[in-house]
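J.: Sequence and predicted structure, then a few things I'm wondering about:
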Amino acid sequence: MTATAPSVRRTPIYEGTRIPSPIPTVLTTPPDLAASGDVMTVNFGPNHPSTHGVLRLVVDLYGEDVTGLAAVVGYLHTGFEKNMEQKTWWKCITYPERIDYVSFQNNEYVFVAAVEKLLDLEIPPKATWMRTLLCELNRIHSHLVWLGTSALELGAISMFWYAFREREQILDLFELVTGYRMHTRYFQVGGLAEDIPRGFYPEARKFCDWMPHAIDDYETLLTRNKIWLERTEGIGLLSAADAIALGQSGPVLRASGVDWDLRRVEPYLAYHQVDFRVPVFPEGDVYARYRVHMQEMRESVRIVEQCLDRLEHMDGDPWIADDRKIVLPPRHELHTSMESLIHHFKIVTEGFRVPEGEAYMAIESPRGELGCYICSDGGPKPWRVKFRAPSFVALQATATMMTDALIADMIAIVGSLDTVMGEVDR
Amino acid sequence: MSGVGSTEPPRSERAGFAGAGAEDAGVGSPEPPGIPGLVSRTEKHRETTIVVEPGRLVEAATHLRDEEGFNFLSDITAVDYLGWAGADVSGYIGTAAGRDLNRPMTQGYQAVPLAKPKRFAMNYHLLSISEEPRRVRLQVWVDEGEPVPSVVPVWPTADWHEREAWDMMGIAVAGHPNLERILLDDDWEGHPLRKDYPLGGEPVRFSEAE
């Protein structure tokens, strides 16, 4: 289950490929069936409680069988990337969080890390560990929202309340550290915006002690629940080869039997120094994706604990790089040092400059490979920012997964992809 | 002041789109044999960029997938370089004419960026999901209206990425099975991520009709 090398399941889930042709993202009704007059085209969404936002699916139905499907996106397009081109680098940090409003810390990190890559900036260890900790807490948060809403859509309403009970605790922890519950803007180019407040570690420990029991509760409710199994097992099949061809990543890829996690294969932050397992399930169905999510939450709790072990011995260490051309000077210096005041003024008004060049930074967000491409012309504003949104790519697999599916399965399948429409449409 | 213009060639020779070949061509590791249509290969920020001729993109992509194991297309990013290096060097830091203390917030450069060969760049971020994980950026340069061949036959996931490049940047992807707008309305005019797309203000619909 946790081999270090990527392993692909030997016996395929299905023969050959199911990716529709010639358009890989559109399932087309066979012409003879369409000519029969028994096929009904139904518009599902864009406003429907189980579309995780505003997703429109145009579905061809033959009775209860789905014979054709096309996903229509763009209802939440807000032009983040264009907006970011008009802002200085450090003012841009608030934007990525709002792109994927459920995994905000991870999105914030990927942008900051891409800028740091161009700047070639060294990050103090305390900031690295705290970023790791928050990214993992955020992963649990994101998985909880996924679990609550996806189960709710399949009729398990109590899951929603349980999942949101623990989510509330995580938001309280974010509030304790950053002052905000969501969209924290706590990562700064160079490190963290503020030092970690006193009292955070014991509260985080309390959460880590409780969370595994909460996951046990969820699993008691769902993992062997007859209705849940009937709705999810063998539904939405995706083979490993098709998943790779369709660019799937994260839990979807791991549930198709590909042992692939960027935290392990391309370690960033402190992931090469923590011990965690990568859950891989070979079945490639909705149930496997559910299992991956549950296991990942357990592993994330373990990572948070290991981060706490380190951070508790780092009191008084710097939390942000000491580069006055990029990092704001400490607040107390502004009253006494002219140099600091000038640096503060320059960075706040004009922004710091990022050397000319382009960089692509990819991390393992809760939804998979989250990439950030940035291009700088050497000025204080980005020339181009582009996000590789895992949800955007995940939706491309709907047509493949819907082969031979029923209309009721569609809810389970789209839910299992864990899409956030803000990220799809950007 | 390190004298911005002193060691650099005059700006007229560097800026604009008239530069021959891609930047830093030939710098870095020697050209590996085999990539069809290879123009240059550079290493920067621990990333490899391979520039190929647009006409031979599909060949190069197939080669990278089958021979070099890049089985996973992460992302396609189109970049518009219109007006690249168009601003002055920053007045605050100093220009050839001296400091402009009346404009302390000028958004110029400390050094003028290198010229780009053409207006648009299409970047294909490739990944190898294998025992030997590695990434590469495949890049082609095109001018306005010049088509880029579709890589959907090589990586099916390119479908929506190429539609987005068309929608946002107006890159004409040749041979795409379903080249329609993806994020904007079907009747939207223009491609908003282009640098010449007007900022702010959008015509209000339904104001006079009906």
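T.: Received the coordinates, thanks. Numbering: from 1, shown residues only, chains lettered A, B, ... in the order given.

J.: Can you check my assumption that A:T149 lies in a helix?
T.: Yes - when DSSP: H, G, I helix; E, B strand; the rest coil is applied, A:T149 is found to be in a helix.

J.: what's near enough to touch it?
T.: Counting by Cβ atoms under 8 Å, 6 or more residues apart in numbering or on different chains, A:T149 touches A:H52, A:F160, A:G415. For every residue, glycine as well, the C-beta is placed using N, CA and C.

J.: sec struct for the one residue in the stretch 201-350 of chain A that gets nearest to chain B, please.
T.: Minimum separation of the stretch 201-350 of chain A from chain B (Cβ to the nearest Cβ) falls at A:G247, amounting to 3.1 Å. Here A:G247 is coil, with the state taken from three-state DSSP.

J.: Leaving aside the residues adjacent along the chain, what's closest to it?
T.: With Cβ to Cβ, 6 or more residues apart in numbering or on different chains as the criterion, A:G247 has its nearest non-adjacent residue at 3.1 Å, and that residue is B:T157.

J.: Determine the number of other residues adjacent to the one you found.
T.: As a burial measure, B:T157 scores 27 neighbours (other Cβ atoms under 10 Å in any protein chain shown).

J.: now do B:L82
T.: B:L82 - counted by other Cβ under 10 Å - has 14 other residues nearby.

J.: hang on, it packs against B:H191?
T.: No - using Cβ atoms under 8 Å, B:L82 is not in contact with B:H191; the gap is 11.6 Å.

J.: and stretch A:103-112, does that touch chain B?
T.: No - Stretch A:103-112 is not in contact with chain B by Cβ under 8 Å from any Cβ of the partner chain; minimum separation 12.2 Å.

J.: chain center to that stretch: distance?
T.: 9 Å (Cα atoms, centre = their mean, to the nearest Å).

J.: List of residues touching that stretch?
T.: So stretch A:103-112 is in contact with A:92-93, A:95-100, A:131, A:134-135, A:137-139, A:141-142, A:182-189, A:269, A:361-363, A:365-367, A:370-372, A:374, A:385, A:387, A:420, A:423, going by Cβ under 8 Å, 6+ apart.

J.: now chain B, which segments are flagged as low pLDDT?
T.: Within chain B, the stretches with pLDDT under 70 are B:1-33, B:87-111, B:201-210.

J.: Strands of that one, start to end?
T.: Ranges of strands in chain B, per DSSP state E, are B:38-44, B:47-52, B:72-80, B:120-127, B:135-142, B:148-149, B:173-174.

J.: Contacts only, for the residue in the stretch 51-200 of chain A positioned nearest to chain B.
T.: Closest to chain B within the stretch 51-200 of chain A is A:G74: 3.9 Å, counting by Cβ to the nearest Cβ. Residues near A:G74 by Cβ under 8 Å, 6+ apart: A:D425, B:R181, B:I182, B:L183, B:L184, B:D185.

J.: how about the strands of chain A, start to end?
T.: Per DSSP E, chain A carries strands over the ranges A:26-27, A:39-44, A:56-62, A:65-72, A:187-188, A:191-192, A:357-365, A:368-376, A:382-388.

J.: Kindly reformat the ones you listed as TSV containing distance to chain B, mean pLDDT and mean neighbour count.
T.: Listed next are the strands of chain A as TSV, based on distance: least, Cβ to the nearest Cβ, whole Å; pLDDT from 0 to 100; neighbours: other Cβ atoms under 10 Å in any protein chain shown:
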stretch	distance to chain B	mean pLDDT	mean neighbour count
strand A:26-27	7	89	21
strand A:39-44	16	90	14
strand A:56-62	12	91	19
strand A:65-72	9	90	21
strand A:187-188	20	91	24
strand A:191-192	20	90	24
strand A:357-365	5	92	24
strand A:368-376	5	93	26
strand A:382-388	4	93	25
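
J.: export these to TSV and tack on distance to A:G351?
T.: As requested, the strands of chain A are exported to TSV (distance: least, Cβ to Cβ, whole Å):
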stretch	distance to A:G351
strand A:26-27	43
strand A:39-44	44
strand A:56-62	39
strand A:65-72	38
strand A:187-188	13
strand A:191-192	17
strand A:357-365	17
strand A:368-376	12
strand A:382-388	10
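
J.: Not counting its neighbours along the chain, what's nearest A:W228?
T.: A:L222 (4.8 Å).

J.: gap between the helix or strand of chain A with the lowest mean pLDDT and the chain center?
T.: In chain A, no helix or strand scores lower on mean pLDDT, DSSP states H and E than helix A:31-35, which sits at a mean of 86. Between the centre of helix A:31-35 and the centre of its chain there are 40 Å (Cα atoms, centre = their mean).

J.: returning to that earlier point: make a markdown table from the strands of chain B and add distance to A:E299 and mean neighbour count to it.
T.: Formatted as a markdown table, the strands of chain B follow (distance: least, Cβ to Cβ, whole Å; neighbours: other Cβ atoms under 10 Å in any protein chain shown):
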| stretch | distance to A:E299 | mean neighbour count |
| --- | --- | --- |
| strand B:38-44 | 34 | 18 |
| strand B:47-52 | 29 | 21 |
| strand B:72-80 | 23 | 26 |
| strand B:120-127 | 23 | 24 |
| strand B:135-142 | 25 | 21 |
| strand B:148-149 | 41 | 22 |
| strand B:173-174 | 40 | 18 |
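
J.: Write out the residues of the stretch 101-250 of chain A neighbouring chain B.
T.: A:K117, A:L118, A:D120, A:I244, A:A245, A:L246, A:G247.

J.: surely the second one meets A:F352?
T.: Read it as A:L118. No - look at A:L118 against A:F352 with Cβ under 8 Å: they stay out of range, at 11.2 Å.

J.: who touches the residue of chain B found nearest chain A in this structure?
T.: Here chain B gets closest to chain A at one residue, B:T157, 3.1 Å apart by Cβ to the nearest Cβ. By Cβ under 8 Å, 6+ apart, the residues touching B:T157 are A:P24, A:A245, A:L246, A:G247, A:V393, A:Q396, B:L73.
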